[in-house]
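S.K.: sharing a model that was predicted from the sequence below.
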Amino acid sequence: MKILARQLTLDLYNCDTSRLSNVDEIKATLVNVIGEEPRLTSDFIDEEHFSIIGAFDGGHVALHVYKVLRYVAADIFTCDDTDDTEELAKVIRNFFRPDKIKSTSLKRGDFGLERDMKPKIKIRVAPLRKVKNAGAKVVKKLVRRGK
């Protein structure tokens, strides 16, 4: 089924704190991966939250960065059904280095059946986070047995 566009949303949790403050470095990273000069705008909503929006031929990218929460919300939209949003998503993930990622992929302008319009959701957890979670579960079970 032919679609008009693709959209990928990313929720990045527990990001590297050293990467959350430098707006110019984030902009430079976006310019490098997009390959053309995007029209970038940044806005400081308050001292703990800022946004960067970049429009380029064939799409846009929007980032909302919450420094204290160590959270980044990213939207990547491409106006061509053949464009792959994953390349830009990979660069964003590598830049912010989150412990946990939730991504949702949408096909925009899909005029197929209603049941085909559900988004695809993936959740990834960084390997180190998995080890910490498993260790916490083991300790919790051992404490329960000891009682």
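M.R.: Everything's here; your move.
S.K.: distance of Lys27 from Val33?
M.R.: Distance of Lys27 to Val33, given as CB to CB, to the nearest Å: 11 Å. All C-beta spots, glycine's among them, are computed from the backbone N, C-alpha and C.
S.K.: who's the residue nearest to Tyr13 when sequence neighbours are not counted bridged to?
M.R.: Spatial nearest neighbour of Tyr13, chain neighbours left out: Lys100 (4.2 Å); criterion: CB to CB, 6 or more residues apart in numbering. Residues in a beta bridge with Lys100, per DSSP bridges, are Tyr13, Val125.
S.K.: tally of neighbours for Lys100?
M.R.: Neighbourhood size, Lys100 [other CB atoms under 10 Å]: 15.
S.K.: go on, Thr85?
M.R.: For Thr85, the count of nearby residues is 22 (other CB under 10 Å).
S.K.: just to revisit the earlier point, isn't the residue nearest to Tyr13 right next to Ile123, touching?
M.R.: Yes. At 7.3 Å, Lys100 counts as touching Ile123 under the criterion of CB atoms under 8 Å.
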